[in-house]
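**Q** I would like to see how this sequence folds:
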Amino acid sequence: MTDSSVPNWRDLKAPAHTVDGFIADFMRELNYGQGVSLVRSSQNDQYLALSRTVRHHLQARWMDTLAKQHEAQAKAVCYLSAEYLMGRQLDNALLASDMDDIVEEGLARLGLNLTELRAQEVEPGLGNGGLGRLAACFVDSAATMSVPCIGYGIRYEYGIFRQEFVDGWQVEHSDRWLAMGNPWEFPNPEVAVTVNFGGTTQTYTDAKGRTRSRWLPEWDVLGVPYNYMVPGYRNGRVNTLRLWSARATRPFRLAEFNSGDYVGAVQGQTFAENISAVLYPEDSTPQGKELRLQQQYFFCACSIADFVDHVLPDGYDLRRLPERVIFQLNDTHPVIAVPELMRVLVDLEGFDWDEAWEITKKCFAYTCHTLLPEALEVWSVDLLGRLLPRHLEIIYKINDDFLDEVRAQFPGDELRVRRMSIITDYPTRAVRMAHLATVAGAKVNGVAELHSQLLRDKVLPDFSQFWPEKFTNVTNGVTPRRFVRLANPGLSALISEAIGTGWITDLNRLAQLEPLADDAEFRARFRQVKRNNKIRLAQLLATRDGMTLAPDRMYDVMVKRLHEYKRQMLKLLHIVTLYNKLHTGVLKPEDVTPRVFVFGAKAAPGYRMAKQIIGLINAVGRVVNADPKVNQVLTVAFPPNYNVTLAERIVPAADLSEQISLAGKEASGTGNMKFALNGALTIGTDDGANVEIRRLVGDDSFFLFGLLEPQVDELVTAGYHPTAYYEQDADLRAAIDLVASGAFSDGDSSVFEPVVANLLNEDRFLVLADYAAYIQAQAQVDAAYADADAWSRSAILNVARSGFFSSDRSVRDYIDRIWHTLPIIEDV
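**A** Okay, the predicted model is just below:
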């Protein structure tokens with residue numbers, strides 16, 4: 001075939017954008033793709049055919065995007081993240097391609113229901129919480145803003161886990177999200193990458209007389225890429241998310257099989273596939289720790305090799321690599337990419353060390369997502385040396401050179417040198433990955449104003465003094481396409497009727513709603529939308545979980561990863577306090593604002609205290625929901641397996657958003673932003689992005705409580721004694737004593753004794769210290785909610801003043817402050 005006869009993707013049109021065209025394409029996919037007639041097809045057949053039909057409408061744009069990117073040779077963002085919590089893909093693809101109405105009408109003509117087919121899609125559990133959802137929001141925004149971006153991660157075969165409650169206790173099951181087929185991915189085994197592990201290194205002299213080191217690995221695996229399309233919102237651009245799946249280089253050993261060793265014949269494949277089997281394997285064992293490091297290196301090595309070998313043109317001068325790429329490290333999980341790029345440049349491409357290091361320092365930027373010391377990853381030297389010996393050598397060399405710089409600037413200050421060293425000797429010799437990322441990164445950013453300040457002042461203070469210009473802030477954001485336009489169709493329609501549809505890509509336009517907060521008719525319609533959303537949620541949970549929720553109560557919602565610092569326990573003590581007063585007759589039902597308390601949370605499988613708290617929430621819920629003195633005004637709902645799909649129903653129904661982490665512990669949060677954009681008022685501490693939300697929406701629309709971050713420090717430094725708060729506060733004491741008595745565990749006081757003991761003896765996150773202020777703030781919530789009109793006004797102002805929290809704005813900040821990339825405008 002000659003060059004002139006090769007089709008140009010720009011000449012290939014997407015399938016006809018009409019109802020008749022859609023029906024023809026859908027039937028072709030069903031008949032020839034699935035191999036079934038319409039009459040004999042299952043709903044899964046119909047869903048797969050529908051998804052592939054919609055996918056076809058995006059593919060020509062995807063090919064065109066790739067071609068334009070190759071022609072432009074523009075700088076790209078490579079977003080390296082261990083998590084991508086994408087949510088269901090069908091609705092997003094329909095929205096991005098503007099096919100919603102066409103598909104709904106076309107399916108109706110065939111006697112099919114779009115809502116029923118939507119429900120067939122199984123959400124990929126490729127993330128654990130805010131980190132993965134943020135990554136998904138950012139790749140969505142990058143595509144919508146026409147920014148060249150490749151998301152790199154892992155295609156976890158069994159996701160994180162599917163949560164079930166057995167007698168109220170969390171039980172984890174594998175998430176078989178691929179079992180019925182996944183129409184949204186494109187496997188590319190022909191460009192698989194070989195990834196090495198183990199072995200030793202060898203010193204040698206190269207042809208130029210330079211002393212070099214080579215890696216002699218012991219074993220390897222293949223990384224097979226699976227491509228996902230990331231469409232921009234109706235702008236013609238489709239970026240790529242590339243997820244890696246591990247395979248054995250020799251998946252089947254015929255000799256062993258023929259000898260009768262059937263297990264040994266496939267042992268290599270089983271071993272390799274473990275690398276991409278599960279997100280965050282439980283790491284309380286040495287084997288679990290090693291598997292986590294294998295995962296991190298696996299996807300980083302694959303991603304760097306892919307960009308260098310397949311994205312860059314042949315023969316590209318790698319001295320100019322910073323002109324073509326910025327690798328954004330989404331937390332510490334991908335930091336092993338730093339020594340990997342050095343290995344590629346020095347060992348494989350023959351660069352001198354100093355030149356390679358100058359290139360590498362310009363190609364990485366690091367986002368820190370935590371303030372908890374235990375969340376900043378540290379890998380033991382023994383493990384790194386055994387699994388990645390060449391990389392450990394490179395890290396040592398980076399550290400030696402860096403510490404020479406520190407000593408030159410601060411002569412004689414060896415304590416500073418120890419604090420800043422990438423290698424720590426206490427409690428065991430290990431590599432501090434956050435230090436490595438900071439040394440190698442061109443920029444280091446926090447994810448909210450307060451977090452970035454604390455990152456500079458408390459987490460990495462020596463580094464911010466050494467490199468003040470490196471540190472910046474980019475406050476997180478969420479995509480309005482998924483979390484307003486798709487999740488809240490009633491509110492979206494109301495907003496678009498009032499101000500037009502431009503807000504979907506320019507969320508600052510929500511400010512035009514502010515005058516409507518004083519419009520009585522608009523407030524009434526806003527309240528009706530909220531009530532309808534409660535009904536939608538109640539119907540879903542009735543069908544999904546057998547729960548009965550009343551739509552005419554306040555929906556008080558706390559949905560987030562279960563961790564002690566997020567303080568689900570504080571919320572629970574509020575519920576227990578109300579229950580106790582109602583049960584004992586101190587309060588009458590008419591004295592209490594009727595509420596539905598909605599929880600959603602998963603606990604890490606090895607996090608025992610978090611799992612105890614989940615058990616206690618469910619135990620309290622059982623008692624509250626069964627007590628006739630209480631259940632007429634209070635309901636506790638804790639649907640299992642919280643994920644993006646469930647969030648899209650819960651968030652629009654919320655009246656009150658619980659953002660109650662201990663001040664100085666939450667990096668940012670994104671749930672707080674989703675709730676504010678959907679018209680929920682926030683009760684929260686001055687922590688993370690709460691600070692910016694409160695400043696923007698106003699104190700009248702935010703229920704602030706609790707210690708400030710400096711006060712937390714003062715209290716802890718002076719010596720915090722939780723029993724003092726227990727003894728001084730009768731309501732608090734009564735609530736804790738009720739839990740301790742076995743009232744929520746069939747009289748067995750031992751069941752939740754670990755929770756009680758933790759609160760009274762340690763209470764690391766100051767739940768008891770903030771209890772009284774929290775209860776007082778909840779009384780303010782009750783008073784405000786009693787005036788429905790005033791509450792609606794505040795809720796509308798929350799929506800109108802939250803445009804800042806778009807992930808589009810976050811991506812613009814990354815472009816301006818860190819990435820310095822330019823959009824490639826598409827022909828729509």
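**Q** I'd like to know how far residue 176 sits from residue 279.
**A** Look at residue 176 and residue 279: by C-beta to C-beta, to the nearest Å, they are 14 Å apart. Bear in mind the C-beta positions are built from the backbone N, C-alpha and C, glycine included.
**Q** Looking at the two, which has the bigger crowd around it?
**A** residue 279 (23 against 13; other C-beta atoms under 10 Å).
**Q** Show the secondary-structure elements that the longest helix along the chain is packed against.
**A** In the chain, assigned by DSSP state H, the helix with the most residues is helix 43-72. With contacts taken as 3 or more C-beta pairs under 8 Å, 6 or more residues apart in numbering; DSSP states H and E, helix 43-72 sits against helix 19-28, helix 90-97, helix 100-109, helix 114-118, strand 219-231, strand 238-248.
**Q** closest to residue 805 out of those?
**A** Closest to residue 805 of these, according to C-beta to C-beta: helix 90-97, at 19.2 Å.
**Q** Report the distance from the closest one to the chain centre.
**A** 20 Å (C-alpha atoms, centre = their mean, to the nearest Å).
**Q** Could you pull out the buried residues of that helix?
**A** Across helix 90-97, burial judged by 16 or more other C-beta atoms under 10 Å covers 90, 91, 92, 93, 94, 95, 96, 97.
**Q** just the CA coordinates of that helix, formatted as CSV?
**A** Extracted C-alpha coordinates of helix 90-97, given in CSV (Å, rounded to 0.1, in the frame of the first residue of the first chain):
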residue,chain,number,x,y,z
LEU,A,90,-21.4,5.3,29.1
ASP,A,91,-23.2,8.4,30.4
ASN,A,92,-20.0,10.4,30.2
ALA,A,93,-19.4,9.3,26.6
LEU,A,94,-23.0,10.1,25.7
LEU,A,95,-22.7,13.6,27.2
ALA,A,96,-19.3,14.4,25.7
SER,A,97,-20.4,13.2,22.2
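**Q** hmm, back to that, what's the closest of the helices and strands packed on helix 43-72 to residue 373?
**A** Once the helices and strands packed on helix 43-72 are compared by C-beta to C-beta, strand 238-248 is nearest, at 29.9 Å.
**Q** The closest one pairs with which strands, parallel or anti?
**A** Strand pairing for strand 238-248, using DSSP bridges, gives strand 149-154 (parallel), strand 219-231 (antiparallel).
**Q** Quick one: name whatever helix or strand follows it.
**A** helix 254-258 (DSSP states H and E).
**Q** Contacts for that next one next, please.
**A** Contact with helix 254-258 is made by 262, 264, 265, as judged by C-beta atoms under 8 Å, 6 or more residues apart in numbering.
**Q** Of those residues, keep whichever come out buried.
**A** For the contacts of helix 254-258, buried by 16+ other C-beta under 10 Å: residue 265.
**Q** What is the nearest of the contacts of helix 254-258 to residue 512?
**A** residue 265 (66.2 Å).
**Q** Tell me the spacing between the closest one and residue 251.
**A** Per C-beta to C-beta, residue 265 is found 10 Å from residue 251.
**Q** for residue 314, same thing?
**A** From residue 314 to residue 251 the distance is 30 Å (C-beta to C-beta).
**Q** Which one of these two is surrounded by more residues?
**A** Taking neighbours as other C-beta under 10 Å, residue 314 and residue 251 compare with residue 251 leading, 14 against 6.
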